[in-house]
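>>> Predicted coordinates and the sequence they were generated for:
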Amino acid sequence: MKTLLAFRPVLWFLFLFNLVVAAVAPVVVDGAQGVLTAVGMGVVSLGAGISLLRR
């Protein structure tokens, strides 16, 4: 898994996909589940973005 996460295209996919899901989740899913989904996906997207900046 560590070698897979070292590839820049994988990091870009994780960053963009999770960012889009985090933005759309509160609109599509109602209530606390939508908010928690957005927060969780936002954290993953932020982690992938930080990994992209470090390299």
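The structure has been received and is ready for your questions.

>>> which ones are touching Leu4?
Residues in contact with Leu4 (CB atoms under 8 Å, 6 or more residues apart in numbering) are Val10. In short, each C-beta sits where N, CA and C put it, glycine included.

>>> go again using 10 Å as the cut-off
Val10, Leu11 (CB atoms under 10 Å, 6 or more residues apart in numbering).

>>> Likewise for Asp30?
Here Asp30 is in contact with no residue (CB under 10 Å, 6+ apart).

>>> Could you report the distance from it to Thr37?
Here Asp30 is placed at a distance of 11 Å from Thr37 (CB to CB, to the nearest Å).

>>> Could you double-check that Asn18 sits in contact with Ala48?
Yes. If you go by CB atoms under 10 Å, Asn18 and Ala48 touch, sitting 6.8 Å apart.

>>> mind listing what's buried in the longest helix along the chain?
In the chain, with assignment by DSSP state H, the single longest helix is helix 31-54. For helix 31-54, a neighbour-count test (16 or more other CB atoms under 10 Å) marks Thr37, Ala38, Met41, Gly42, Val44, Ser45, Ala48, Gly49, Ser51 as buried.

>>> of those, closest to Ala6?
When the buried residues of helix 31-54 are compared for distance to Ala6 (CB to CB), Ser51 wins out at 9.1 Å.

>>> confidence score at the closest one?
On pLDDT, Ser51 comes in at 91.

>>> if I look at the closest residue to it other than its chain neighbours, how far off is Val29?
Once flanking residues are discounted, Ser51 sits nearest to Leu11: 5.4 Å by CB to CB, 6 or more residues apart in numbering. The gap separating Leu11 from Val29 is 26 Å, by CB to CB.
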